Every structure is written in structure tokens, then in C-alpha cells.
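Student: Sequence first, then the predicted structure, then my questions.
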Amino acid sequence: MSVQQETHGFQTEVAQLLKLVTHSLYSNKEIFLRELVSNAADAADKLRYKALSDANLYEGDGELRVRLSVDKDAGTLTISDNGIGMSKEDVINHLGTIAKSGTAEFFSHLSGDAAKDSQLIGQFGVGFYSAFIVADKVTVNTRAAGSSQGVQWESNGEGQFTTADIDKAGRGTDIILHLNEDEKEYLDDYRLKAIVAKYSDHISIPVEMWQEGEAEREQDGETIPATEGQWAAANKATALWTQSKSDISDEQYQEFYKHVSHDWEDALSWSHNKVEGKQEYTSLLYIPSKAPFDMWNRDNKHGLKLYVQRVFIMDEAEQFLPQYLRFVKGLIDSNDLPLNVSRELLQDNKVTQSLRTALTKRVLSMLDKLAKDEDKYQTFWSQFGNALKEGPAEDMGNKEKIAKLLRFASTHNDSGTENVSLTQYIERMKEGQDKIYYIVADSYNAAKNSPHLEVLKKKGIEALLLSERIDEWLVSHLTEFDGKPLVSVTKGDLGLDDLSDEEKAEQEKQAETHKPMLERFQTVLGAKVKEVKVSQRLTDSPACIVAADSDMSSQMVKMMEAMGQEVPEQTPVFELNLEHPLVQKLADEQDEQRFDQWANLLLSQATLAERGSLKDPSEFVAQLNSLLLQLSK
């Protein structure tokens, strides 16, 4: 009986979401039942865990279950559980708010395509609201385990909800769906049983439906006694990961993935593994096909579901995989951890560390296998590649394995698609080449058209084109692969003289012959450059700047500055292409003022080409305009 009713407004994002659900999402409506049953099973799991330390929460009823019941006269479908239940505060927080940070991002992902947008509901952990796909009103009656006060929540999905105190005999939650007129198919027992069998067989808690009894009847001259009605499980109610792999279909694996991840798309791959011996555990790990909206929000928790001896312990246990594998979904069921384990105990537990090592190797092995299917791996890489690039810095022990899985754009392909592996690069290396060359720039086009690549193009040497923000961080930790050093074309000596003794001798001769001009440039540019030298990397451009071997690259400086770090002033090395007509013309320039202007203009040009910006663009414009005026006289 309601005591006092209160009216509340939904959080803005929820109101928008409900409008989307009720007016746009009509593809595959039956998933509302999967979401609500999944939530009910989670509530039972949570009670089982809390009851480990307080058995009174069971209130004398330890048989956990979910029940579906219909009232055809009232047009209602009720999903009931005897799980953990909710307090009034829980109800307002969980059912009136999208309880995750970054909710505004949800709406930035909406495309207007109902089928695509419907997939976002699961990603954002708001499956409860899918009830409004089929119902014009939803009533929730709930009582938290151990509490004496029940709460009723009710809404028609139009922007407001009401709460009221009620008396409720049993703990747990009843969700009563007042079905729309054209959704009465969900009052049919056979329809409901088919949906439960399709989506909820793998849930370890029974999903029960009422089975009517039969009257006494005569059959073959015998009297068959009457039977009473009873609640009977409509699902197998066996934890999927405890079954033999040979007994589980691909469809069942995919449905279980959607249950543990709340994703609405199929997983790319999975690995189901049972280990016995020194350690005993079962793991079921999935590689998703699409990145969740919050993958780059490092404040949000990521991780596996943890079970101990088939008992659910916690969601998002991040201790079992490193951060760079945070996209992996699934669970681990350990026989070696204590039932009362906490996040704090997991952090320093030797069993945890051993499991983390084993599971990390398992995931890297899964990715190595996935990489053999180029199309599937490209799907994975486009979604999670930048997370994997964090690996070499975070996981030194597996650096070589991670490096094998990395993909890059390259001068070998006329495309910005990152699909070249380091193994493929080495297979294509020129005879005598012993270095892997790369460039990091602000964009693919900036990398592809950089003057630093000119001599490599001339010699037919491939270079990796890196343009993601994480790339400079990656190459600062991945300094070699398969015994071959990674060398930036924008830093120091490229070592291309290894390829030709004749070229090396020619460069030394040029440097000696043009020493006076190099010194002249050094005098004019002064402290703006560390050194002026003959370039071995330019064929078409007149000049470029490079970082000394001991200095940070331009991209690393940008990254550090973006993080708010103070970076010492980096003075570049200035390289000249002695074959370029402009440089040859300057060698004969007698007017010192004009030589000064041209020298500074070449330095500004080279800086702009390398860094993408200038500290004082107006100075560059003034230099250019002054020389244009002189040339036009």
C-alpha cells in the first residue's frame, strides 16, 4: 500500500534516451527480456556474494531464481527476482540516472539509424530502459535484502517518475511491464519460453515460469491423478563456462558474451580455457568487435567478472589483465582465491599475479591467431589498435609479442590504412638495410609528404608513417624489433651510408668543399640552430631540421607540452641540400642582408614542414613578403 508518493524528473540524458527508445527502436524488440532477465540474474549474484559475510540477508530463502509471470486480463508481464533488491536511494540513482560518467557521449554517438542506435543501449549499461520498447508504463516494486521497507517506482517514460513507500513481503525486485496494445505476443507462454531458451540458457540461476497442473483424466483404461501447478525452469540454468567446450555452440558463446558485456554486437573471437594442476581456474575471454564509448576514459573501470568456486564475487576486476588489454571482456572462475577476497587483497595476491600473467599470454595468443584473418584483424585494429600501442611501455616482458601484433601505415602502400606489420617490413627490407625507418607526424599526409623521406624514396626504402598521438610514446619504448633498431628519419644520422661507401665518401667531400658556406649559415642563424650540415636525406627540398640523437623529437615535445609538462628549448640541427638550385644560388649571394633573409626563411620553412606550426607565424610572413617585394622589382 502506498504511503506517500513523490514525483521526480529524469536526468536529462535519461529523458532523451527514453524518447529514443519509445519512438525509434523497433528492431529486434524481444531483447528487452534478455536485458531484464540479465539484470535480475546479476541481482541474485550480488546477494549470493553479500550473504557470504551476512547469511541473514537470505531471510530464510536461499533458493535464488528469476520468475516470469503474465496477467492476460491486465496485459502485464512481470519479471521477478529474489536477489539483492534496492533501497529508495538505489531506485532513484539507478532508475533515474545513467549511472556512468560521459553520458553526453552517448548522444554524440547517435546516428539516427534505429538499428545502429539500438546497439548503444547495451554499451551504455542502460538495458533497463529497453522495457519501454514494449511497455507504455513500467512499475518496479523492490525491497533491499535486510530492509523492512519496500519502494515502488513507476513511469510512463515521458520524462518523470514517481516513488512511494510500500509493504513488500519478499526481498528482491518485481518489474511489471504494462504492455502496449500491439505487444501482447509477450503474454504468450510459448513465445516467452522461446526467448528465454534463446538468450538465457547460460545464466546459472533458473528462470522460472508457471506450469499449470492437469486435471484427473482417464487414459488407456487407467486413471491419471491430477497434478498441481508449479514453477518450472525455462532455461538450462547451468553456468556456461562450467560446461565442456564441445557441448557449447557458437551461438551460445555469443549470447553469453552479450550477457557479460552488455554489447549488442557479436564478439570477434573468444577463448574458453580450463586449467588444472598447480592452479585451478576456468577463463572465458572475448575480443569485442566494437570499442565501448568509454574506452578512453581512464577513470572508468574495466576488467573481467570474477567468480570464486562458481560464486560471483565482483564485476570489472581490473587486476587480471594489464591496462592496454582493457577492451577484453569475459570472466575468470578461480578455485584458489578465498571467497571473501576484496579488490585490495587482489592487488597484492600472488595467485592474482600468476593469473594475470597467464591470462595476458592467453589474450596475446588469441590476437596472434586472429591476425591470421586479415579482415577480422583489421576490424580489431581499427577499434583497439591504439590501446594495444600502450603495451610496449606497460608490459616489458611481452614487448616482442605485442610488437608482432602492431600495424602501421607505410610508404609501401598508397593508403593511410594501418595494415603493415613489423614482420612484413623486415621481409621487404633492401639488401644491406639493417634498420626499420619511421616518421611520426601530426597526420598521415604530413608524414607521407615529409621532406625527411626524400632520400628513402629515392633509394626505394620503406618507411612506417605514424600519425596517432600515442605513436611517439610507442616508439620511445619500442626501440627495436627482431634485432633491428627502429630509427626516426627526423633524428640524427640515418645510417644510410651503410648502404654505399661511395655515397659516404661523396658526402664527406661535399661537406669539406662547402665548409665556408655551412659556416656562413651557422654565423647568420646563430643560436637558432645547434649545427649546420650537409643533408643525406633530402633530394627535392632545399633544407630540413632534425633533432639531435640526444634530444626529444618534435612530436614528443608536443606531447609533453599537451600534458602540461615544461620542456627545455630544443635547438635543431639544420641540414642543407647542396644539390638544390636555391641553396646553390645562395652560395653565390654577395649581399649579406639578403643572404641573412634567405637563410632565416629557409629555417622557417624547414621548421614549418617538420613541426606543422611556427612560434611566430607573423615573422615568417614578414620574411616572405620582404623577399617577394625584392624579387618583383
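Tutor: Right, received. Where do you want to start?
Student: Number of residues surrounding N93?
Tutor: 13 (other Cβ atoms under 10 Å). C-beta here means a position set from N, CA and C on the backbone, and glycine is covered the same way.
Student: And for E265?
Tutor: E265 has 16 neighbouring residues, counting by other Cβ under 10 Å.
Student: Helix, strand, or coil at it?
Tutor: The three-state label given to E265 by DSSP: H, G, I helix; E, B strand; the rest coil is coil.
Student: Hmm, I287 and it touching each other?
Tutor: No - in this structure, E265 is not within contact of I287 by Cβ atoms under 8 Å, at 12.0 Å.
Student: Q5: neighbour count?
Tutor: 11.
Student: Distance-wise, check the closest residue to it other than its chain neighbours relative to F128.
Tutor: Excluding the flanking residues, the one nearest Q5 by Cβ to Cβ, 6 or more residues apart in numbering is A164, at 4.4 Å. Separation of A164 from F128 (Cβ to Cβ, to the nearest Å): 19 Å.
Student: E472 too?
Tutor: In terms of Cβ to Cβ, E472 sits 43 Å off from F128.
Student: between these two, which one's more packed in?
Tutor: Remark: of E472 and F128, E472 carries more neighbours, 21 against 17, as counted by other Cβ under 10 Å.
Student: Pretty sure the more buried one sits in a strand.
Tutor: No - looking at E472 with three-state DSSP, it is helix, so not inside a strand.
Student: follow-up on the earlier one: run through the neighbouring helices and strands of the helix or strand that contains the residue nearest to Q5.
Tutor: Counting by DSSP states H and E, the element that carries A164 is strand 160-166. Judged by 3 or more Cβ pairs under 8 Å, 6 or more residues apart in numbering; DSSP states H and E, the packing partners of strand 160-166 are strand 5-9, helix 88-96, strand 150-155.
Student: Turn these into JSON lines, including mean pLDDT and distance to T417.
Tutor: Converted to JSON lines, the helices and strands packed on strand 160-166 look like this (pLDDT from 0 to 100; distance: least, Cβ to Cβ, whole Å):
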{"stretch": "strand 5-9", "mean pLDDT": "86", "distance to T417": "47"}
{"stretch": "helix 88-96", "mean pLDDT": "84", "distance to T417": "42"}
{"stretch": "strand 150-155", "mean pLDDT": "94", "distance to T417": "47"}
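Student: Give me the neighbour count for the closest residue to R356 other than its chain neighbours.
Tutor: In this structure, R356 finds its nearest non-sequential neighbour in F320, 5.4 Å apart by Cβ to Cβ, 6+ apart. For F320, the neighbour count with other Cβ under 10 Å is 26.
Student: pretty sure F320 contacts Q353?
Tutor: No - when contacts are counted by Cβ under 8 Å, F320 is not listed as touching Q353 (9.8 Å).
Student: Next one: D188 from K72, what distance?
Tutor: Per Cβ to Cβ, D188 is found 9 Å from K72.
Student: Now do stretch 429-440: distance from first to last residue.
Tutor: 20 Å (Cα to Cα, to the nearest Å).
Student: contact partners of it?
Tutor: Applying Cβ atoms under 8 Å, 6 or more residues apart in numbering, the external contacts of stretch 429-440 come out as 408, 422, 425-426, 447, 450, 452-453, 456, 459-467, 471-472, 475, 481, 484-490, 494-495, 498-499, 553, 555.
Student: at 7 Å what do you get?
Tutor: 422, 425, 447, 450, 452-453, 456, 460-461, 463-466, 471-472, 475, 481, 484-490, 495, 498-499, 553, 555 (Cβ atoms under 7 Å, 6 or more residues apart in numbering).
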